[in-house]
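Student: Curious how this folds, go ahead:
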Amino acid sequence: MTDALKDEIRQAYTTLMDSKQLTPRWGQRQMIAEIAKTLGNIPGPGEAKPSAPAVCVIEAGTGTGKTIAYAVTAIPMALALDKRLIVATATVALQEQFVNKDLPDIKRHSGLEFTYALAKGRRRYVCLSKLDRLLVEGKGETGMLALQPEELEPATPVEAVPVYNAMIDALGRGQWDGDRDNWPDAIAEGIWFPATTDHAQCTGRRCPNIAQCSFFQARDELQNADVIVTNHDLAL
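Tutor: Prediction:
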């Protein structure tokens, strides 16, 4: 870890604290130091593999400022190592908070320059091929059996078809990106699940709708992102 990189981390932290008129916390500084020391053991391009993996586990109470601590440390270190930083959270809600609130705030106040994107699994995106098939072949019939009726009730065509038609219309008009979380209304699981796919069912680049695929369009955005935010399941 170079002196220049250490100075960049210190400067980002100080700038952010001053800009937001926050008081630096001892636990926050300690966390920055531990993360920097751990990530500093990751070899750069052409360097030998370390004897032990760079793993650091930190527990800190509410109000410590954990997000700021790991972000202002890990982001410049990842950029210096020419690596992409993956931040995994427990839920989609936490992902969206980090992407829509925390990262923009850190970028605006710290002086760090980086790009970021949100990564979700296929089931969070509508499958255009499935959607077409439901409307053209099945007339909205989901063909689903409720294994857990209280959790997943199969939708009837009367319930499903208006939603599917609205989805097709919104996609065609460019008013929706196919992300379930960006749909303006809550979608019942019995309507949503048949209109999505998983890795086993997806035909990938062979799909005739690949150019309009919401999932692959979102994945393409990840290729140039410095920071990718995802959940634990997708990361693993």
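
Student: show me where pLDDT drops low in this structure?
Tutor: Where the chain drops to pLDDT under 70, the residues are 137-153.

Student: residue ranges of the strands in it, please?
Tutor: With DSSP state E as the definition, the chain shows strands at residue ranges 85-89, 116-118, 227-231.

Student: Please identify the most buried of these.
Tutor: Mean neighbour count (mean count of other CB atoms under 10 Å) peaks for strand 227-231 among those, with a mean of 22. For glycine as for every other residue, the C-beta is placed from the backbone atoms N, C-alpha and C.

Student: That strand pairs with which strands?
Tutor: Here the strand partners of strand 227-231, with direction, are listed using DSSP bridges: strand 85-89 (parallel), strand 116-118 (parallel).

Student: who wins for proximity to Gly174 among those?
Tutor: Gly174 lies closest, by CB to CB, to one member of the strands paired with strand 227-231: strand 116-118, at 19.1 Å.

Student: can you list the strands of the chain in JSON lines and add distance to Ile168?
Tutor: Written out in JSON lines, the entries for the strands of the chain read as follows (distance: least, CB to CB, whole Å):
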{"stretch": "strand 85-89", "distance to Ile168": "32"}
{"stretch": "strand 116-118", "distance to Ile168": "24"}
{"stretch": "strand 227-231", "distance to Ile168": "28"}
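
Student: So which of the ones you listed is nearest Ala33?
Tutor: Of the strands of the chain, the one closest to Ala33 (CB to CB) turns out to be strand 85-89, at 18.4 Å.

Student: so how far is that closest one off the chain centroid?
Tutor: In terms of CA atoms, centre = their mean, to the nearest Å, the gap separating the centre of strand 85-89 from the centre of its chain is 8 Å.

Student: just stretch 79-87 next, same as before
Tutor: Between the centre of stretch 79-87 and the centre of its chain there are 15 Å (CA atoms, centre = their mean).

Student: Could you work out the end-to-end span of that stretch for me?
Tutor: Counting by CA to CA, to the nearest Å, the length from the leading to the trailing residue of stretch 79-87 is 14 Å.

Student: what's in contact with that stretch?
Tutor: Contact with stretch 79-87 is made by 2, 5, 42, 44-45, 74-75, 78, 98, 114, 225-230, 235, as judged by CB atoms under 8 Å, 6 or more residues apart in numbering.

Student: Would you reformat the strands paired with strand 227-231 as JSON lines and include distance to Val136?
Tutor: Conversion of the strands paired with strand 227-231 to JSON lines gives the following (distance: least, CB to CB, whole Å):
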{"stretch": "strand 85-89", "distance to Val136": "38"}
{"stretch": "strand 116-118", "distance to Val136": "31"}
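
Student: Which one of these lies nearest to Gln11?
Tutor: Of all those, it is strand 85-89 that lies closest to Gln11, at 18.6 Å by CB to CB.

Student: Could I have the buried ones of the contacts of stretch 79-87 as PyMOL selection syntax?
Tutor: Buried residues among the contacts of stretch 79-87 (16 or more other CB atoms under 10 Å), as a PyMOL selection:
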select buried, resi 5+42+74+75+78+98+114+225+226+227+228+229+230
